[in-house]
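Chemist: this one's sequence-less:
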């Protein structure tokens with residue numbers, strides 16, 4: 001009887017070991033023709049990234065150390081061509097989501113018709129992590145889904161003339 005009780009309690013406690021049933025992040029990135037850079041929002045579950053990086057994102061202002069860790073991690077795990085990301089701001093939502101506002105370095109994109117993307121944020125921590133990327137380029141939306149077995153994607157953009165000033 002004790003063995004059965006122990007086994008049942010072990011099964012129940014192991015079902016609570018994971019914080020939630022799925023792991024997901026979403027990035028919406030838009031090309032800004034006038035600034036010649038990408039700008040966007042990366043949305044993920046706050047406690048997942050805190051666990052992955054051993055950081056605290058609960059305060060309104062991130063510490064320099066936590067900010068550096070977070071940005072270094074994002075630059076390793078969300079890549080669009082050779083652009084690197086810089087911090088533009090953040091919001092911590094009551095729902096547990098964390099919104100990270102980013103902008104890329106400046107660079108040319110007008111002559112390219114495809115962009116190479118890599119988006120494996122948190123896949124090194126959660127094997128069933130899924131990520132979705134939406135890129136907005138001159139008013140048209142492009143979508144890609146990334147999973148552990150498919151972390152990179154080439155997105156073909158329509159060759160549209162740049163906006164005239």
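Modeler: Now that the structure is in, tell me what you want to look at. No experiment lies behind these values; they were computed from the predicted model shown.
Chemist: So residue 57: helix, strand or coil?
Modeler: At residue 57, secondary structure determined by DSSP: H, G, I helix; E, B strand; the rest coil is coil.
Chemist: how close does it get to residue 106?
Modeler: Summarising the geometry, the distance separating residue 57 from residue 106, computed by CB to CB, to the nearest Å, is 28 Å. Every C-beta, even on glycine, is put in place using the N, C-alpha and C of the backbone.
Chemist: Could you check which of these two has the larger neighbour count?
Modeler: More crowded of residue 57 and residue 106, by other CB atoms under 10 Å: residue 57, with 18 against 11.
Chemist: what sits against the more buried one?
Modeler: With contact set as CB atoms under 8 Å, 6 or more residues apart in numbering, residue 57 has these partners: 46, 49-50, 66, 70, 90, 92, 98.
Chemist: If we only consider these, which is nearest to residue 30?
Modeler: Out of the contacts of residue 57, the one with the shortest distance to residue 30 is residue 90. That distance is 17.8 Å, counting by CB to CB.
Chemist: The closest one belongs to a strand, doesn't it?
Modeler: Yes: assignment of residue 90 by three-state DSSP places it within a strand.
Chemist: now it, nearest residue through space, not along the chain?
Modeler: If you skip the residues right next to it in sequence, residue 90 has residue 100 as its closest partner in space, 5.1 Å away by CB to CB, 6 or more residues apart in numbering.
Chemist: element containing the one you found?
Modeler: strand 97-104 (DSSP states H and E).
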